[in-house]
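Chemist: fold the following, please.
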Amino acid sequence: MRGTKTRWVLAAMAAGMLVFTACGSSDSEEADVDTEEHMIEDAKCEPYGVFSDSTTRIDVVLDDWVVDLSQPDAPAGLIGFALDDQSEMPHEFVVVKGVTPTELPLADDGSLDEDALPEGALIGEVEPFPGGETCEGTFELTAGEYTLLCNIVEENDDGTIDVHLKEGMVTTFTVT
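Modeler: Sure thing, here's the model as predicted:
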């Protein structure tokens, strides 16, 4: 008897979730922007990896439409990126291996389509953190070419959309 009741509760919950999902926006681009805006509003530094374990430190300035590295390359190993967001808006830090900036698969809005990357290309990311703050990301990187970028899409008060990647927040990095 108890198993039957549990199945009914689970079935009711599943049906409710389907109805809730169906009532969402049918415009996928709008839904993506809304989701990204929510992430930006909730932005806080959540370090990726353990920075104190890094064998190499790279200082990174994130500012309006720039990703500026203290050096263009490093030896393979645990590489710690000390991220300094010098703008007033949140930024994130995405690490992609083996795909050049011009080869990145793009969504309709010009942002990186992370789901369309080749398997294993997305190494990791430091989620959006507030402007004017610092955060850290430590990644185990093997020899190769990497693309580093900010993939935030945000709607401005005037209704225009800023796609940070499209605005130039992308650079390359070599691991030897």
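Chemist: tell me the strands in this structure, going along the chain?
Modeler: Using DSSP state E, the strands assigned to the chain run over residues 56-63, 66-69, 73-74, 77-85, 91-97, 122-129, 134-141, 144-149, 153-155, 161-163, 170-175.
Chemist: what's the pLDDT at G16?
Modeler: With respect to pLDDT, G16 scores 44.
Chemist: then I40?
Modeler: For I40, pLDDT reads 70.
Chemist: mind checking which helix or strand of this structure has the lowest mean pLDDT?
Modeler: The helix or strand of the chain with the poorest confidence is helix 2-22; it has a mean of 41 (mean pLDDT, DSSP states H and E).
Chemist: show me where pLDDT drops low in the chain?
Modeler: Scanning the chain with the threshold set as pLDDT under 70 gives 1-39.
Chemist: if we go to 80?
Modeler: Per-residue confidence for the chain (pLDDT under 80) gives these ranges: 1-41.
Chemist: what is T171 paired to in the beta sheet?
Modeler: Beta-bridge pairing of T171 under DSSP bridges involves L148.
Chemist: count the residues that sit near it.
Modeler: 16 (other Cβ atoms under 10 Å). In this view, the C-beta of every residue, glycine as well, is placed from N, C-alpha and C.
Chemist: any idea how far it is from S52?
Modeler: Look at T171 and S52: by Cβ to Cβ, to the nearest Å, they are 25 Å apart.
Chemist: what's the answer for T134, then?
Modeler: Applying Cβ to Cβ, the value for T134 to S52 is 15 Å.
Chemist: between those two, which is the more surrounded one?
Modeler: Neighbour count, other Cβ under 10 Å: between T134 and S52, T134 has more, with 16 against 9.
Chemist: can you pull the contacts of the more buried one?
Modeler: 45, 82-85 (Cβ atoms under 8 Å, 6 or more residues apart in numbering).
Chemist: mind redoing it with 7 Å?
Modeler: Contacts for T134 (Cβ atoms under 7 Å, 6 or more residues apart in numbering) come out as 82-84.
Chemist: output those in a markdown table; the columns should cover neighbour count and distance to V126.
Modeler: Formatted as a markdown table, the contacts of T134 follow (neighbours: other Cβ atoms under 10 Å; distance: Cβ to Cβ, whole Å):
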| residue | neighbour count | distance to V126 |
| --- | --- | --- |
| A82 | 17 | 11 |
| L83 | 24 | 6 |
| D84 | 15 | 12 |
